[in-house]
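*Asks:* output the structure for:
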Amino acid sequence: MSDFIAAGASADDLPAPAEGLLLTHFLTVGDVPRSRAFYADVLGGQVVLKENPCIIKVANSWIIMNPGGGPTDDKPDVILRPPEDRHTASSFLNVRVADIHGFYAAARAKGAEFLTPPIDRRAELRCYMRDPDGYLIEVGQSTGLLKGILARTDTEA
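*Replies:* Got it, this is the predicted structure:
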């Protein structure tokens, strides 16, 4: 097993709980090395496995990624592929940061694509970025929420 683990990582870095469960997020990607570099460089992730599947430990979670493909015996009628329409999303990663302005500046300097700069939503400062395959990633910093102030609704100005 140690031959497959990336340099600087160990079996302890794999998402394998001794009891209970933990949550990981799987992404179907078009180019594993490109996506691996993005999640390691922009989000500061630690590469645990380079491929088959690629596993990156990011803070207290893991992102698992592989290229798309046809059905397998355990998902006989499912085809995996990266997003095709950058304007439609059914899920997204949600990243919470302590300093959104610092994160925003550092990520942009590393080439990250943001939809907007951070916007004050009362409960939080928030912005969205995209990974190389077009997956949407929300980046937020709790502000008003820490004082019991909730986010604006769509009907509020």
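*Asks:* OK, contacts around the residue nearest the centre of the chain?
*Replies:* Most central residue of the chain, judged by C-alpha distance to the mean C-alpha position with Cα atoms, centre = their mean, is Leu93 at 4.8 Å. Applying Cβ atoms under 8 Å, 6 or more residues apart in numbering, we find Leu93 in contact with 25, 63, 135-138. Quick note: C-beta positions are derived from backbone N, CA and C, even for glycine.
*Asks:* which residues does it form a beta bridge with?
*Replies:* For Leu93, the beta-bridge partners are Ile137 (DSSP bridges).
*Asks:* cool, and Leu80?
*Replies:* Gly69.
*Asks:* which parts of the chain are strands?
*Replies:* Listed in chain order, the strands found in the chain under DSSP state E are 24-29, 46-49, 54-58, 61-67, 93-96, 113-114, 119-120, 124-130, 136-142.
*Asks:* Pro82: which of the ones you listed is closest?
*Replies:* Closest approach to Pro82 among these is made by strand 24-29 (5.3 Å; Cβ to Cβ).
*Asks:* what's the closest one packed up against?
*Replies:* Using 3 or more Cβ pairs under 8 Å, 6 or more residues apart in numbering; DSSP states H and E as the contact definition, the elements that strand 24-29 packs against are strand 61-67.
*Asks:* the strand it packs on packs against which elements?
*Replies:* Packing partners of strand 61-67 (3+ Cβ pairs under 8 Å, 6+ apart): strand 24-29, helix 32-41, strand 54-58.
*Asks:* what's the angle from the second one to strand 124-130?
*Replies:* Spelled out, it's helix 32-41. Orientation of helix 32-41 against strand 124-130 (axes from the mean of the first three to the mean of the last three Cα atoms, to 10 degrees) gives an angle of 160 degrees.
*Asks:* could you export helix 32-41 as PDB, CA atoms only?
*Replies:* Below are the C-alpha coordinates for helix 32-41, written out as PDB (Å, rounded to 0.1, in the frame of the first residue of the first chain):
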ATOM      1  CA  VAL A  32      -7.000  14.200 -12.900                       C
ATOM      2  CA  PRO A  33      -3.500  15.900 -12.800                       C
ATOM      3  CA  ARG A  34      -5.100  19.300 -13.600                       C
ATOM      4  CA  SER A  35      -7.800  18.900 -10.900                       C
ATOM      5  CA  ARG A  36      -5.300  17.500  -8.400                       C
ATOM      6  CA  ALA A  37      -3.100  20.500  -8.900                       C
ATOM      7  CA  PHE A  38      -6.000  22.900  -8.400                       C
ATOM      8  CA  TYR A  39      -7.200  21.300  -5.100                       C
ATOM      9  CA  ALA A  40      -3.600  21.000  -3.800                       C
ATOM     10  CA  ASP A  41      -2.500  24.500  -4.800                       C
END
